[in-house]
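Participant: Dropping the sequence and predicted coords here.
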Number of protein chains: 2
Amino acid sequence: MQQIKHRTNEARTAATRAALIGAARTLFVEKGYGETGTPEIVAAANVTRGALYHHFADKADLFRAVVTAEAAALAEAIDRATIPVAAPRTALIEGTGAYFAAMTVPGRARLLLLDGPAVLGPQTMAELDRSLGGATLRQGLAEAMRRVDPVELDALADCLSAAFDRAALAIAGGADPAPYCAAITRLIDATLRTGRP
Amino acid sequence: MQQIKHRTNEARTAATRAALIGAARTLFVEKGYGETGTPEIVAAANVTRGALYHHFADKADLFRAVVTAEAAALAEAIDRATIPVAAPRTALIEGTGAYFAAMTVPGRARLLLLDGPAVLGPQTMAELDRSLGGATLRQGLAEAMRRVDPVELDALADCLSAAFDRAALAIAGGADPAPYCAAITRLIDATLRTGRP
DNA sequence: TTGCATACATACAGCCTGTATGTTAATGAT
DNA sequence: ATCATTAACATACAGGCTGTATGTATGCAA
């Protein structure tokens, strides 16, 4: 630990930011945003509060960085698992399966579905979702239901994703995944059936 | 304001509790749970912090009282609007309409759908919902879809109510209600259609 | 009326947040 | 290679907030 000579500034910044985000993620998941103090975070990251407030505007800004990283990891996991498929219905089913699988990462549901919306607001979370994960669900629905008004399709995608979120949260909370998967599959199939008479 | 002689203890308690819950509700809605301090609350309620901590264990306990009252008001509004109807499909559509109408009360969506779950936890909110609003949606679904496994029906009701919640939150956030109502109606009809082949 | 419990009010200790200021090391220009 | 500048911290401080401990007055029951 003594050979740390001539470290470039860029590397220093990356290291401390990563340490802070990692430690903060652990504590935010364990105790929640409100119950986690910055002294605790910097102690876990082996830095001082000065470093924290040098890299982040405030505690909420650090939390935003944690949530953004988590959303990016989620999007990447889904992208990685989603192989381009022909049938739109299959794509939707597989997509939600990938979503559920990626959502089992410990703490992810709490960060993205519980504390995130409360601390950063729903519109910030929606923008984040749009900029990263993209409108995968919306596109899948659009492809499968051509005759639906695009404005209603937006709302429909929003409501369906809320249903998926609730299922993911319930599973993360210890619920049996099977009935939720069945319910979600039923919901998708039922919705698709209304798109083409 | 000087004629307050010989007030019974019960009345005093009811008055201060009501003043605290009312003031807290206003501030929690305006600024959120985390950004609202107890000094602010007691100033708005014209009491001292001593009174607050005499009637409530801590700030979260006061918040719980606010959320409980809000959930009770929501349940009562829905009960009041829901006239016993014969057709189960009509009952479901009317029920969600009553839910949306009751959810337009300013601040209600934030309290019940945003800060509530984050501060009190999803299971506490679910228990609260169960003890007050009851399983209206679940019962309606069960009546319309006899052949579905009860366990899956629970999950289905949970997911559907999440979709309703998202719609209510979006509308409370300024979104156009029309497409959301259309999407929800479509979702209900599509789901019901899967219950009876 | 007298003793007790309730309903507060006040004071205090500890923690946490954000900022201001100081210090060291890297970077860019000469 | 040197020097000025700036980034990357570290430390110290002020203010506010939470929860508790203690004190007081009023309703209540015997």
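Facilitator: All right, it came through fine.
Participant: which residues of chain A fall in helices?
Facilitator: Taking DSSP state H as the test, the helices found in chain A are A:9-31, A:38-45, A:49-55, A:59-81, A:88-103, A:108-109, A:116-120, A:122-131, A:136-144, A:150-172, A:177-193.
Participant: Does anything pack onto the shortest one? Which helices or strands?
Facilitator: Identification of packing neighbours for helix A:108-109 by 3 or more C-beta pairs under 8 Å, 6 or more residues apart in numbering or on different chains; DSSP states H and E yields helix A:59-81, helix A:150-172. Yep, even glycine has a C-beta here, placed from its N, CA and C like the rest.
Participant: how about a cut-off of 10 Å?
Facilitator: Packing partners of helix A:108-109 (3 or more C-beta pairs under 10 Å, 6 or more residues apart in numbering or on different chains; DSSP states H and E): helix A:9-31, helix A:59-81, helix A:150-172.
Participant: what's in contact with it?
Facilitator: Identification of contacts with helix A:108-109 by C-beta atoms under 10 Å, 6 or more residues apart in numbering or on different chains yields A:25, A:29, A:70-71, A:73-74, A:77, A:102-103, A:165, A:168-173, B:122.
Participant: how about 8 Å then?
Facilitator: If you take C-beta atoms under 8 Å, 6 or more residues apart in numbering or on different chains as the criterion, helix A:108-109 is touched by A:70, A:73-74, A:102-103, A:168-169, A:171-173.
Participant: rewinding a little: make CSV out of the helices of chain A and add mean neighbour count and mean pLDDT.
Facilitator: CSV is the format used below for the helices of chain A (neighbours: other C-beta atoms under 10 Å in any protein chain shown; pLDDT from 0 to 100):
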stretch, mean neighbour count, mean pLDDT
helix A:9-31, 16, 97
helix A:38-45, 17, 98
helix A:49-55, 15, 98
helix A:59-81, 18, 97
helix A:88-103, 18, 95
helix A:108-109, 20, 98
helix A:116-120, 23, 98
helix A:122-131, 15, 96
helix A:136-144, 19, 94
helix A:150-172, 22, 98
helix A:177-193, 20, 98
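Participant: hang on, the earlier thing: compare the helices and strands packed on helix A:108-109 and give me the one nearest B:Phe56.
Facilitator: For B:Phe56, the closest of these is helix A:9-31, at 21.6 Å, according to C-beta to C-beta.
Participant: and the closest one, anywhere near chain B?
Facilitator: No - if you take C-beta under 8 Å from any C-beta of the partner chain as the test, helix A:9-31 misses chain B, and the best it gets is 11.6 Å.
Participant: same thing with stretch A:153-160?
Facilitator: Yes - using C-beta under 8 Å from any C-beta, stretch A:153-160 reaches chain B at A:154-156, A:158-160.
Participant: From the chain's centroid, how far away is that stretch?
Facilitator: With C-alpha atoms, centre = their mean, to the nearest Å as the basis, stretch A:153-160 stands 18 Å off its chain's centre.
Participant: then it to PDB, C-alphas only?
Facilitator: Written as PDB, here are the backbone C-alpha positions of stretch A:153-160 (Å, rounded to 0.1, in the frame of the first residue of the first chain):
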ATOM      1  CA  LEU A 153     -49.900   2.800 -26.000                       C
ATOM      2  CA  ASP A 154     -47.500   5.000 -23.900                       C
ATOM      3  CA  ALA A 155     -49.900   4.900 -21.000                       C
ATOM      4  CA  LEU A 156     -50.400   1.100 -21.500                       C
ATOM      5  CA  ALA A 157     -46.700   0.500 -21.400                       C
ATOM      6  CA  ASP A 158     -46.300   2.700 -18.300                       C
ATOM      7  CA  CYS A 159     -49.000   0.700 -16.500                       C
ATOM      8  CA  LEU A 160     -47.700  -2.600 -17.600                       C
END
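Participant: Make CSV from the helices and strands packed on helix A:108-109 and add distance to B:Leu141 to it.
Facilitator: Supplementary listing: the helices and strands packed on helix A:108-109 in CSV, determined by distance: least, C-beta to C-beta, whole Å:
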stretch, distance to B:Leu141
helix A:9-31, 34
helix A:59-81, 30
helix A:150-172, 14
